[in-house]
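# dropping a prediction and its sequence here:
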Amino acid sequence: MRAKFRITDPIPAGVLSSLLASGVIVLMGHVGKIQFLWLSVPLWILLIVLVFLLPALFALYQVHGTRVIMTFSAFHRKHWYSELLQHILVNFASRGTDVIVKIPRRDYSPADQADMFAYILTHRHHYTAGIVVPVEPHKTKPTILQFTKRFAKPVLFLDVQPFDSDEEYPPDTAYLGYDNEVGGAAAAEAMFQFLQRANAAQRRILMIGANAQTGRQAGFENCLRILMPNATVTRHDEGHFA
């Protein structure tokens, strides 16, 4: 199953969290069927085993069968994440699903994200689905692909697009968030209109971005070069902010 959800207009955190919860529930609906293995053992042994094993399996399913693991790319410098997280927890709780949240030790750290992925894979049997805010997917795409393959459960990506095209999304994954390149292009159009009104003679533009959201810089630069082909545009991606 491949899916992508694009949002082009700002929406409240509560609405976004409801969409997120609904998206994960939809993906969870595609989890594979349970298989049973019958053994050639005496019937009385089977009965004894079932008497003790079934309640334990039921309890295990109740504990682990409705858990979603969520990882953030940053938290300390993303204050709006706390409001979004509150809405996410409430929306999932109303659907009978617990959300386990892991935040990085350092914001926007590919190494920390890799550590979180390793932890999740070690405890993958605890979860039925995952929510991931990717870190620098233009650099960590192989790690993300390997994680989704080994996790082998529905994964919903949030906020940052992990792949460039719909065809790259593995089965049972989806993206929910803004198209960052569209946002960058909108900023370029606003700057172009401002410079037109100011009647600026010199068109030398320094664009300072960061490696957390490269799609914004790309959208801004591409659109600006179309609108202002004679302008000199210098791009710097090491602004160390989000």
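Right, received. Where do you want to start?

# quick one, domains of this protein?
Residue ranges for the domains of the chain, per automatic domain parsing: 2-178, 182-236.

# confidence-wise, which of those domains is weakest overall?
If the domains of the chain are sorted by mean pLDDT, domain 2-178 sits at the bottom with a mean of 74.

# mind listing the helices for the chain?
Remark: helices assigned in the chain by DSSP state H are 13-28, 43-64, 79-94, 110-122, 137-151, 180-198, 214-227.

# contacts for stretch 92-106, please.
21, 24-25, 66-75, 85, 88-89, 112-113, 116, 119-120, 126-127, 131, 135 (CB atoms under 8 Å, 6 or more residues apart in numbering). (Each C-beta comes from the backbone N, C-alpha and C, glycine too.)

# among these, name the buried ones.
Buried subset of the contacts of stretch 92-106 (neighbour count, 16 or more other CB atoms under 10 Å): 21, 24-25, 66-75, 85, 88-89, 112-113, 116, 120, 127, 131, 135.

# next up, the contacts around Met191.
So Met191 contacts Ile205, Leu224 (CB under 8 Å, 6+ apart).

# rerun that using 6 Å as the cut-off
Not one residue lies near Met191 by CB atoms under 6 Å, 6 or more residues apart in numbering.

# ok, it to Tyr119 distance?
43 Å (CB to CB, to the nearest Å).

# also Asn222?
Asn222 sits 38 Å away from Tyr119, going by CB to CB.

# near the spatially closest residue to Pro170 that is not a sequence neighbour, how many other residues are there?
Leaving aside its sequence neighbours, Pro170 sits nearest to Thr148 (CB to CB, 6 or more residues apart in numbering; 4.8 Å). For Thr148, the neighbour count with other CB atoms under 10 Å is 22.

# was I right to think Thr148 contacts Val155?
Yes. Between Thr148 and Val155 there is a contact under CB atoms under 6 Å: 5.2 Å.

# pretty sure Arg216 sits against Asn180.
Yes. Arg216 is within contact range of Asn180, at 4.8 Å (criterion: CB under 6 Å).

# quick one: which of the two has more around it?
Arg216 (23 against 19).

# got a list of what that one touches?
By CB under 6 Å, 6+ apart, the neighbours of Arg216 are Asn180, Gly183, Gly184.

# rerun that using 7 Å as the cut-off
Asn180, Gly183, Gly184, Gly209 (CB atoms under 7 Å, 6 or more residues apart in numbering).

# quote the end-to-end distance of stretch 206-216.
End-to-end distance of stretch 206-216: 15 Å, with CA to CA, to the nearest Å as the criterion.

# now do Asn91 against Ile103, distance only.
19 Å.

# counting neighbours, go ahead and name the busier of those two.
Neighbour comparison, Asn91 and Ile103: the larger count goes to Asn91, with 22 against 17 (by other CB under 10 Å).

# got the end-to-end distance for stretch 116-129?
15 Å.

# now Gly96. Its backbone dihedrals?
phi 70, psi 30 (degrees, to the nearest 10).
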